[in-house]
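Participant: let me see the structure of the following:
(chains A and B)
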Amino acid sequence: NAGVMQNPRHLVRRRGQEARLRCSPVKGHSHVYWYRQLPEEGLKFMVYLQKENIIDESGMPKERFSAEFPKEGPSILRIQQVVRGDSAAYFCASSPPRGRGREKLFFGSGTQLSVL
Amino acid sequence: DAKTTQPNSMESNEEEPVHLPCNHSTISGTDYIHWYRQLPSQGPEYVIHGLTSNVNNRMASLAIAEDRKSSTLILHRATLRDAAVYYCILRDRIGNTGKLIFGQGTTLQVKP
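Facilitator: Numbers count the residues shown, from 1 in each chain, chains lettered A, B, ... in the order given. Here you go, the predicted model:
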């Protein structure tokens, strides 16, 4: 069984460019979570999505950041007009529908975003 | 979400047991106790979780105090590959999102 797949593994962008991070959840999982980890800091929750719905975006910066989880295809975290402070590791996690071991989250290996 | 308190760091010798403590004095009756770990340059990995009773799996054991205000993750024989940051997290089993809120965790160093 394939786990959570994130790509790219490393992404380099210049200031002002757009960054698109992709996350394919475990097959059959309909819940996706995005986390950000700044250098030497802990994991910070960003957003929780179900298919075609944003459930909790309380951790998302108000501007430049957006996330989607379409009916078909991977979840996308999009960062517009990146700045150096966006440089971080971005992790995606997935879980099955509630009531089927939902307590456990499966994490990907992350995308390391570097902004020059 | 109720908060947890963990030591910043711990050391262990290889092949010895490790007991990682966690205090959660404000735990509610509907909170599960979860443990995840993060190895260097990797995403977090589920270790174990429990509600009231002690739990065992292939990775570790979880000992939960009778009043549930503290718990201990037990690695029975630490290996170098167990060097990681260990996170103790409370998760409301009837919460509306199920998101995990990570604290600073305990950095475990394993010495050969």
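
Participant: what about the helix or strand A:Met46 falls within, distance to the chain center?
Facilitator: Using DSSP states H and E, A:Met46 maps to strand A:43-50. Relative to the mean C-alpha coordinate of its chain, strand A:43-50 is positioned 7 Å out (Cα atoms, centre = their mean, to the nearest Å).

Participant: then stretch A:67-86?
Facilitator: Distance of stretch A:67-86 from the chain centroid (Cα atoms, centre = their mean) equals 7 Å.

Participant: contacting residues around that stretch?
Facilitator: Contact with stretch A:67-86 is made by A:5, A:13-25, A:32, A:34, A:46-47, A:49-54, A:57, A:60, A:64-66, A:90, A:92, A:113, A:115, as judged by Cβ atoms under 8 Å, 6 or more residues apart in numbering or on different chains. For the C-beta atoms, the positions are set from N, CA and C on the backbone; glycine is no exception.

Participant: enumerate the residues of chain A near chain B.
Facilitator: A:4, A:31, A:33, A:35, A:42-45, A:48, A:55-56, A:91, A:93, A:95, A:98, A:102-110 (Cβ under 8 Å from any Cβ of the partner chain).

Participant: which neighbours in the sheet does the strand holding A:Met46 have, and how are they oriented?
Facilitator: strand A:31-37 (antiparallel), strand A:53-56 (antiparallel) (DSSP bridges).

Participant: in contact with the closest residue to chain A within chain B: list those residues for me.
Facilitator: As assessed by Cβ to the nearest Cβ, chain A sits closest to B:Gly43 within chain B, at 3.4 Å. Residues in contact with B:Gly43 (Cβ under 8 Å, 6+ apart) are A:4, A:91, A:93, A:107-110.

Participant: residues from chain B in reach of chain A?
Facilitator: So far as Cβ under 8 Å from any Cβ goes, chain B lies against chain A at B:32, B:34, B:36, B:38, B:42-46, B:49, B:91, B:93, B:96-105.

Participant: try 6 Å this time
Facilitator: Within chain B, the positions near chain A by Cβ under 6 Å from any Cβ of the partner chain are B:32, B:42-44, B:46, B:49, B:97-99, B:102, B:104.

Participant: just the buried subset of those, please.
Facilitator: Among the residues of chain B next to chain A, those classed as buried by 16 or more other Cβ atoms under 10 Å in any protein chain shown are B:32, B:43-44, B:46, B:49, B:98-99, B:102.

Participant: make TSV from those and add secondary structure and distance to B:Ser71 to it.
Facilitator: Output for these, formatted as TSV (DSSP: H, G, I helix; E, B strand; the rest coil; distance: Cβ to Cβ, whole Å):
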residue	secondary structure	distance to B:Ser71
B:Tyr32	strand	11
B:Gly43	coil	23
B:Pro44	coil	18
B:Tyr46	strand	15
B:His49	strand	10
B:Gly98	coil	20
B:Lys99	coil	20
B:Phe102	coil	16
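
Participant: of those, which pair is most distant in space?
Facilitator: B:Tyr32 and B:Gly43 (20.3 Å; Cβ to Cβ).

Participant: low-confidence regions, chain A specifically.
Facilitator: A:1, A:98-103 (pLDDT under 70).
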